[in-house]
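S.K.: Take this sequence and fold it.
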Amino acid sequence: MAEVQEKDKKPSEEFTDESEEEDSEEEAKLKYERLSNGVTEILKNDAASCMTVHDKFLALGTHFGKVYLLDIQGNVTQKFVISSVKINQISLDESGDHVGICSEDGKVQVFGLYTREGFHENFDCPVKVVALHPQFSRSNCKQFVTGGNKLLLYERNWLNRWKTVVLHEGEGTITNIQWRANLIAWANNVGVKIYDISTKQRITNVLRDNVSLRPDMYPCSLCWKDNTTLIVGWGTSIKICAVKERNPTEMRDLPSRYVEIVSAFETEFFISGLAPLVDQLVVLFFVKENPDQMVTDEECRARPRLDIIQPLPESYEEISSDALTVRNFQDNECRDYRLAHAEGEPLFYIISPKDIVVAKERDQDDHIDWLLVKEKYEEALMAAEISFKNIKRHDVQKIGMSFINHLVEKGDYENAARKCQKVLGKNMELWENEVYRFKTIGQLKAISQYLPRGDLRLRPAIYEMILHEFLKTDYEGFATLIREWPGELYNNMAIVQAVNDHLKRDPSNSILLKTLAELYTYDQRYDKALEIYLRLRHKDVYQLIHKHNLFSSIEDKIVLLMDFDKEKAVDMLLDNEDKISIDRVVEELANRPELLHVYLHKLFKRDHHKGQKYHERQIGLYAEYDRPNLLPFLRDSTHCPLEKALEICQQRNFVEETVFLLSRMGNCRRALQMIMEELGDVDKAIEFAKEQDDGELWDDLISYSIDKPPFITGLLNNIGTHVDPILLINRIKEGMEIPNLRDSLVKILHDYNLQILLREGCKKILVADSLSLLQKMHRTQMRGVRVNEDSICESCHATILPSEMMKSFSVVVFHCRHMFHKECLPSQGTIPGLQFCNICSAKRRGPGRRGKKTQLLLKKKTSIMPASKREASPPDSHPKIKKLDEDEEDLASRATTATDSSKTGNMLEKTVEPRTKKKRSSSTEGENTPTKICKQSSPPKDSSKTSDPPLKKAKLLNATSASSCGETPSQNANSKASLKRTASTESEDELSSSDSSKVDFFRARDGDDKPSQDQTDETKPAEAFTEPERRDISVKEHQHPLEK
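M.R.: Residues are numbered from 1 along each chain as shown. Here you go, the predicted model:
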């Protein structure tokens, strides 16, 4: 409940109920103050009867007929004596330039405050209300209405005369009029009516609910919320009416507007005034005395209430309710109170005969005041920080200091100290005052962790005082402060001296020693700090060494570092080999072999060669301290003396290491013997034999295992892919019982079948690839070679074609697209008719290399003769294909792909695993077509899309005539058909002879492969063979014996 105070009155008149104020935990929405200054003097001898509020001034009417113009603070600016009786109503236009006044004796005056124009009229009956047009200052809006027994409209015409129109009469005295825009609302004894001045139509009639109440004792309260919303309060009833436009189709004889009641509800008390507050309502209630109580009891006499309510369609919700203690409230009736409000701002005036109270919304300062009264200091501080730009009466720091004082009084020193950091900010004086206050109450520890240590720093004496306090009572807290506080905050030497004094009494105190080391570090005396850290075996010793580069100080402390933490020490030493050499570390650790081993082991892991001169020493160290890593060391080290290592391992009976060393030294038999005799592990023995891949070693293993059935089982299960199992099976004695023999034999057969399947699959792939390459080679060689005027001889660089085409000429064109004049080529050598491309042969052989290749030379001489003689050309002029045996030495050195084999003759490729051979592709059919010089009927295919054969074969072209150089389509078709038959016969014979070409998987055969007899027949020209002979040749080419 709110309070309205006045100092010159008794407490009963000044305050609201104190118990209600104390019990209320909700903050009031409005604050109240009396309008004083000139108003106080006026109301001492007079009484207020009405008041109108404008945003510029206030207009107050009294019971003695005077009108006062006041400023917002209540000071009198103008005074008008209108009558000797009560002023009933004062009306102002929106501009505040004109005022209308009516009194109880029937006087009505309308005049301008700053002009001489005016209207003065005396009626023979009291005029209760007057209302000016809101735009009265405009010349076309000179209108006002008065209400007494009837409602009169006054309007000034163009002759400057006032015209009177009766708008309504006959329903009793009009007690209230409110004019808003074009709508006039008035109340009489029957109800409330609204008149539209623009259409000159009355649009509604809202009846009074409780007709038992006297209209003069409980007058109607009217208030416009906006241009179309009227709020009506009468008795205990409130109605909210909305003026709406009527649909033109429904108008007929009805007004253009109508009124809809959007909310109607009953209240608990009688309504004395209404005012809008956004979407809420401010209601002034008159509370009637309780008839059951004695009238003389002042505590039971009613005070007016100002409530804020939220209207609902049929009820309301109370937001706040304040009982007001106004002067002489015991003598007032409902009609004596009025509520006036200012348009556009939440400012409300409660008018009573002897008092005027101003109610306004509480601002942030008022909110903070209420929080401070309720001792909600933290919320008050937060509100002040958020709205520090809007508060006027409060200071954030003062509120914070009040909060700190409150916490100290409560004994909450921790929170008080925490708030100091936020409240005191960078005010050094306040900080020091608070520190001394906390010292006085013995709570320096509480404020120590919140002292400023950044840009703002207190005097060093403040920090030293706190450190000395901790050093006396709390070593842990002292160490924490030393770690957290920068060394520049205090005198480091003074604190070091104080710590040393305490260590004299307790020299083994680890906390003080550690703190002293940190102080030495701050003072850059790192050698002393390092000594203390090593003494304490503290983990920060390595960080200290790295941070301050103290490697020169630890050369004689390597053993201490290793004793403290081997891993970190070794990592640090290895990372800084340039500062502490390996030799120096080894020297320091010479008397501690276990530590030396850790260091050398990590060094070896990082680099196998850095510590090579210590590898011999490491053998003994591994054998003594780390046997599991000995064998990996022996495997990885290339600088380890094998004899020394073997001696150590034999002395200590390290079998695995000895086996490795023996095998590395070449004594594999002795190593295998140790595995079988000392370890008795057949799997390891087999693995060892596999690694060595030595046939004699396998024989030794079989010989040793032949009388041990478990070993035989292991051999049968594991050696199938390395040694012929028949060798082992033949040596097994008859009648010997071998465990799991059946499973072992099944496994051997299964592996054998798998090998056969793999071989057959590989052979099928090989045949298919050979056929594909043969076809590709055939297509390539069947392409024509274009010879034109731009072609040149690769030897003499002259044009390949003569200028006179009538003469006969000879040109040699190779498959590599190099062209030569026949006379420009060197002699054919020992083999007549065989010619090589000089350029490609030189590139392939290289400088100084000797070798022989077979080429097909396609030679054709063409002479220019009459057309009649062309048909009589001898058949010897057709191309001849000759195939020669290759030099065997060159055959062995040049094992090429199937394409190369098809060009150079039958060529055998030897492999070991798997035992397969490459079949020769029948290439004679692809070489039977010579390249001829002719005018081609269609553009040749791009020869760059297919790779040329590795061995280039020449075609000798003798230019004869253009008509005889073409090849008939039938010849071309026969050639292709022959090629297809040869390739298919080859594939069928390969597949059908796969069974006969299989070799014994477990037995090796010696002897070199011999060339096929059919190979000698291939030197014959292609024309010398019939079609069956050709097929026979192509079949025989793929039936070579299996090579070793």
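
S.K.: List phi and psi for the most centrally placed residue in the chain.
M.R.: The chain has I386 as the residue nearest its centroid, 33.3 Å off, counting by CA atoms, centre = their mean. The phi and psi values for I386, taken as degrees, to the nearest 10, are phi -70, psi -40.

S.K.: quick thing: my sequence starts at 716, can you match it?
M.R.: With the count now opening at 716, the last piece we talked about shows up as I1101.

S.K.: how close does it sit to E1094?
M.R.: Distance, I1101 to E1094, by CB to CB, to the nearest Å: 11 Å. In short, each C-beta sits where N, CA and C put it, glycine included.

S.K.: Just the element for L1431, please.
M.R.: helix 1424-1433 (DSSP states H and E).

S.K.: And for A1132?
M.R.: Going by DSSP H and E, A1132 is in helix 1128-1138.

S.K.: before we move on, what about T792?
M.R.: T792 belongs to strand 791-796, assigned by DSSP H and E.

S.K.: Same question for V1313.
M.R.: helix 1308-1321.

S.K.: Heading C-terminal from that helix, find the next helix or strand.
M.R.: Remark: after helix 1308-1321, the chain's next helix or strand is helix 1330-1340, criterion DSSP H and E.

S.K.: how about that next one: buried residues?
M.R.: 1330, 1332-1334, 1336-1338, 1340 (16 or more other CB atoms under 10 Å).

S.K.: And H1121, how far from Y1092?
M.R.: 5 Å.

S.K.: Between these two, point out the one with more neighbours.
M.R.: Each of H1121 and Y1092 has its neighbours counted (other CB atoms under 10 Å); Y1092 has more, 20 against 16.

S.K.: who's in contact with the residue lying closest to the more buried one once chain neighbours are set aside?
M.R.: Sequence neighbours aside, F1118 is the residue nearest to Y1092 in space, at 3.7 Å (criterion: CB to CB, 6 or more residues apart in numbering). Each residue near F1118 by CB atoms under 8 Å, 6 or more residues apart in numbering is listed here: 1092-1093, 1095-1096, 1134, 1138.

S.K.: Repeat that for R1168.
M.R.: 1199-1201, 1204.

S.K.: and if you look at F838?
M.R.: Counted by CB under 8 Å, 6+ apart, F838 has contacts 821-823, 861, 863.

S.K.: pLDDT for the buried residues of helix 1330-1340 - can I get that in JSON lines?
M.R.: Supplementary listing: these in JSON lines, determined by pLDDT from 0 to 100:
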{"residue": "H1330", "pLDDT": "90"}
{"residue": "R1332", "pLDDT": "89"}
{"residue": "Q1333", "pLDDT": "89"}
{"residue": "I1334", "pLDDT": "89"}
{"residue": "L1336", "pLDDT": "90"}
{"residue": "Y1337", "pLDDT": "89"}
{"residue": "A1338", "pLDDT": "89"}
{"residue": "Y1340", "pLDDT": "90"}
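
S.K.: which among those gets closest to N1047?
M.R.: Y1340 (108.4 Å; CB to CB).

S.K.: what about that closest one, distance to I1334?
M.R.: 12 Å.

S.K.: With G948 instead?
M.R.: As for G948, its distance to I1334 is 111 Å (criterion: CB to CB).

S.K.: same for the biggest helix by length in the chain, what does it pack against?
M.R.: Under DSSP state H, the helix in the chain containing the largest number of residues is helix 1456-1496. With contacts defined as 3 or more CB pairs under 8 Å, 6 or more residues apart in numbering; DSSP states H and E, the packing partners of helix 1456-1496 are helix 1424-1433, helix 1613-1619, helix 1684-1707.

S.K.: Distance from the very next helix or strand once past that helix to the middle of the chain?
M.R.: On the C-terminal side of helix 1456-1496, the closest following helix or strand by DSSP H and E is strand 1524-1529. Mean-position distance between strand 1524-1529 and its chain equals 74 Å (CA atoms, centre = their mean, to the nearest Å).

S.K.: strands paired with strand 1524-1529, and their directions?
M.R.: Within its sheet, and counting by DSSP bridges, strand 1524-1529 is paired with strand 1534-1536 (antiparallel), strand 1669-1674 (antiparallel).

S.K.: By mean pLDDT, show me the worst of those.
M.R.: Mean pLDDT is lowest for strand 1669-1674 out of the strands paired with strand 1524-1529, coming in at a mean of 34.

S.K.: Could you work out the most separated pair of the contacts of F838?
M.R.: K822 and G863 (11.6 Å).

S.K.: for N864, what are its contacts?
M.R.: By CB under 8 Å, 6+ apart, the neighbours of N864 are 840, 884, 887-889.

S.K.: Repeat that for M1116.
M.R.: Counting by CB under 8 Å, 6+ apart, M1116 has contacts 1138, 1145.

S.K.: Could you look up the SS state of it?
M.R.: Following DSSP: H, G, I helix; E, B strand; the rest coil, M1116 is assigned to helix.

S.K.: What is the neighbour count of S913?
M.R.: 10.

S.K.: Likewise for E1090?
M.R.: E1090, neighbours per other CB under 10 Å, totals 12.

S.K.: how much space is there between the residue lying closest to it once chain neighbours are set aside and A896?
M.R.: Nearest residue to E1090, sequence neighbours excluded (CB to CB, 6+ apart): H1121, at 6.8 Å. Per CB to CB, H1121 is found 55 Å from A896.

S.K.: circling back to that earlier point, would you mind giving the contacts of N864 as a markdown table with distance to F1348 added?
M.R.: Formatted as a markdown table, these follow (distance: CB to CB, whole Å):
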| residue | distance to F1348 |
| --- | --- |
| C840 | 130 |
| E884 | 126 |
| G887 | 123 |
| T888 | 123 |
| I889 | 120 |
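
S.K.: Out of the residues you listed, who's the most crowded?
M.R.: I889 (26 neighbours).

S.K.: Isn't it up against V881?
M.R.: No: distance between I889 and V881: 11.8 Å, which falls outside the contact criterion (CB atoms under 8 Å).

S.K.: what touches both of the two?
M.R.: With CB under 8 Å, 6+ apart as the test, I889 and V881 both reach 865-866.

S.K.: So I816 belongs to a strand, correct?
M.R.: Yes: counting by three-state DSSP, I816 is found in a strand.

S.K.: What are the contacting residues of stretch 1128-1145?
M.R.: By CB under 8 Å, 6+ apart, stretch 1128-1145 touches 1096, 1112, 1115-1116, 1118-1119, 1122-1123, 1146, 1149, 1153, 1156, 1158, 1161-1162, 1164-1165, 1167, 1170-1171, 1173.

S.K.: go with 6 Å
M.R.: 1115, 1119, 1122-1123, 1146, 1149, 1158, 1161-1162, 1165, 1171 (CB atoms under 6 Å, 6 or more residues apart in numbering).

S.K.: Ok, stretch 1331-1338 next?
M.R.: 1312, 1315, 1344-1345, 1348, 1356, 1359-1360, 1363, 1367.

S.K.: What of stretch 954-966?
M.R.: Against stretch 954-966 from outside (CB under 6 Å, 6+ apart): 943-947, 971-979.
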